[in-house]
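Asker: this one's structure only:
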């Protein structure tokens, strides 16, 4: 067992609005789901039990699911199981907190050593439960309203003032804050007045057993039924303005308008489902594809299990991450682990996840969200297979330094320091 975890026996993880067991890529399920589940599994492997509390969203969900030894997921009843948007969840936080406290009341005193909450809604619950149990609160923001509102996609809806206030309360109440990158740490300190001594930078990881170069592009394309000579651009993520899949589609339209000869080989694959403000017009991306006359080029598909997703990464020539904001960008890291270069927006954590140095780079960072800029960046790489191959090799090598084990070790150290400070 890791040295710092010896004083710890059990961690309560709060993830109100999305279950770590949900399929990422649709609804509210995304990188945070992957983060919570993978971190919990790695912490459990190091001898510390984890109980994850999440809201029940279906009558089919059992109250308790044992994922792997040491990781238990509790589905807490709070409000109607279905049809409740994330924006409505603040009204259910009291019910959710009551469910968490009720579950813990059946255990021995001091059942949990620390509470780790994810996203501001969970932070509100974590604030109360950690205070009730007299244990430290460790909080991960994942995204921040002030950061999102400063870089909204066209037509997207600003985060409400209630969220900004709620986030500030959680930042003030937390014993420790986890930032994915140095940039996120700076945002916490400058935008929310966080105490720098309480903020620790712990990079997320990637499942290196699933995401790796594997048998290579040709074998993956054969399994997926993709043409061997196609130029494939891949988008993976939720279909919403924040993630900007429409930007990739518009860039493809610019590319074909300026260089129509590419049409025979170009293939744009979008894996994901409507989410967030994208649920208001779930067909908007398909309508855009039709409007631009790209039905033969753009292929929209639902999210896939991770093993199949890894094949998609390997089969693609480039993975595009055009988001307006990302706290880190797990898609970029997963793609690079599979040996595929990434073309990403130069925002948030993507500037850390993707190395854009001309000599050591693993991908390209695009400075704006202009489809013409993106079209040029994509075309330059499609036309330079040697450069793509070099980026891919360095991408796979760099990703090997981002295993979830290292994330778990650093997080356990943070838990231990928080517990020691509380006891002192």
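Answerer: Nice, I can see it. Please read these numbers as outputs of a predicted model, since none were measured by experiment. Numbers count the residues shown, from 1 in each chain.

Asker: residues making contact with stretch 71-83?
Answerer: With contact meaning Cβ atoms under 8 Å, 6 or more residues apart in numbering, stretch 71-83 is reached by 16, 19-21, 37, 40-41, 44, 49-59, 61-67, 88-89, 91-93, 95-96, 99-100, 103. All C-beta spots, glycine's among them, are computed from the backbone N, C-alpha and C.

Asker: Any of the residues you listed buried? List them.
Answerer: 16, 19-21, 37, 40-41, 44, 49-57, 61, 65, 67, 89, 92-93, 96, 99-100, 103 (16 or more other Cβ atoms under 10 Å).

Asker: hmm, back to that, filter the contacts of stretch 71-83 down to the ones in strands?
Answerer: Judged by DSSP state E, strands contain the following of these: 49, 50, 51, 52, 53, 54, 55, 64, 65, 66, 67.

Asker: want to throw those into a markdown table with pLDDT and distance to residue 354?
Answerer: Shown next, in a markdown table, are these (pLDDT from 0 to 100; distance: Cβ to Cβ, whole Å):
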| residue | pLDDT | distance to residue 354 |
| --- | --- | --- |
| 49 | 97 | 35 |
| 50 | 98 | 30 |
| 51 | 97 | 35 |
| 52 | 97 | 30 |
| 53 | 97 | 34 |
| 54 | 96 | 30 |
| 55 | 94 | 33 |
| 64 | 95 | 39 |
| 65 | 96 | 35 |
| 66 | 96 | 37 |
| 67 | 95 | 31 |
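
Asker: Out of the residues you listed, the closest to residue 360 would be?
Answerer: Using Cβ to Cβ, the shortest approach to residue 360 within these belongs to residue 50, at 36.1 Å.

Asker: what's the closest one in contact with, if anything?
Answerer: Contacts of residue 50 (Cβ under 8 Å, 6+ apart): 10, 11, 13, 40, 43, 44, 70, 71, 72.

Asker: again, 6 Å this time
Answerer: 11, 13, 40, 43, 44, 71 (Cβ atoms under 6 Å, 6 or more residues apart in numbering).

Asker: again, but for residue 243
Answerer: Residue 243 sits in contact with 237, 323, where contact means Cβ under 6 Å, 6+ apart.

Asker: pLDDT score for it?
Answerer: Residue 243 is assigned 92 on the pLDDT scale.

Asker: same deal with residue 81?
Answerer: Reading off the model, residue 81 has pLDDT 86.

Asker: any idea of the mean pLDDT in the top helix by length along the chain?
Answerer: If you go by DSSP state H, the chain has its longest helix at helix 404-423. If you average the pLDDT over helix 404-423, you get 95.

Asker: gap between the residue of the chain most remote from its centre and residue 231?
Answerer: Using Cα atoms, centre = their mean, the residue of the chain lying farthest from its centre is residue 261. It sits 36.1 Å away. Going from residue 261 to residue 231 by Cβ to Cβ, to the nearest Å gives 12 Å.

Asker: Residue 284 - how many residues pack around it?
Answerer: 17 (other Cβ atoms under 10 Å).

Asker: circling back to that earlier point, just list what the longest helix of the chain packs against, helices and strands only.
Answerer: helix 31-45 (3 or more Cβ pairs under 6 Å, 6 or more residues apart in numbering; DSSP states H and E).

Asker: ok, and what's touching the helix it packs on?
Answerer: Contacts of helix 31-45 (Cβ under 6 Å, 6+ apart): 15, 18, 20, 22, 24, 50, 68, 70-71, 118, 142, 204, 330, 404-405, 408.

Asker: any idea which of those residues is least confident?
Answerer: Scoring those by pLDDT puts residue 24 last, at 64.

Asker: Can you get me a residue count around residue 223?
Answerer: 14.

Asker: returning to what we had before: check which residues of the longest helix of the chain are buried.
Answerer: Quick answer for helix 404-423 (16+ other Cβ under 10 Å): 404, 407-419.

Asker: Contacts for it next, please.
Answerer: Contacts of helix 404-423 (Cβ under 6 Å, 6+ apart): 2, 4-5, 8, 38-39, 42-43, 113-114, 136, 138, 175-176, 200, 202, 204-205.

Asker: one step back: tell me which two in the ones in strands among the contacts of stretch 71-83 are the farthest apart.
Answerer: Largest pairwise distance in the ones in strands among the contacts of stretch 71-83, by Cβ to Cβ, is 21.3 Å, between 49 and 55.

Asker: picking up where we left off before, secondary structure class of the residue farthest from the centre of the chain, three-state.
Answerer: Under DSSP: H, G, I helix; E, B strand; the rest coil, residue 261 falls in the helix class.

Asker: Distance-wise, check it relative to residue 269.
Answerer: 21 Å.

Asker: before we move on, what about residue 415?
Answerer: 40 Å.

Asker: How about residue 220?
Answerer: 12 Å.

Asker: and if you look at residue 35?
Answerer: 24 Å.

Asker: cool, and residue 223?
Answerer: 14 Å.

Asker: cool, and residue 127?
Answerer: 42 Å.

Asker: Equivalent analysis for residue 221, please.
Answerer: From residue 221 to residue 269 the distance is 11 Å (Cβ to Cβ).

Asker: With residue 321 instead?
Answerer: From residue 321 to residue 269 the distance is 14 Å (Cβ to Cβ).

Asker: Ok, residue 140 next?
Answerer: Distance from residue 140 to residue 269, by Cβ to Cβ: 30 Å.

Asker: those helices in the stretch 1-150 of the chain, which residues are they?
Answerer: Here the stretch 1-150 of the chain has its helices, by DSSP state H, counting those that start in this stretch, at 31-45, 93-105, 120-133, 145-149.

Asker: Save those as CSV, and put in mean pLDDT and distance to residue 335 too.
Answerer: As requested, the helices of the stretch 1-150 of the chain are exported to CSV (pLDDT from 0 to 100; distance: least, Cβ to Cβ, whole Å):
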stretch, mean pLDDT, distance to residue 335
helix 31-45, 93, 13
helix 93-105, 94, 35
helix 120-133, 97, 28
helix 145-149, 93, 23
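
Asker: Looking at the ones you listed, spot the one closest to residue 338.
Answerer: Of all those, helix 31-45 comes closest under Cβ to Cβ, at 15.0 Å.
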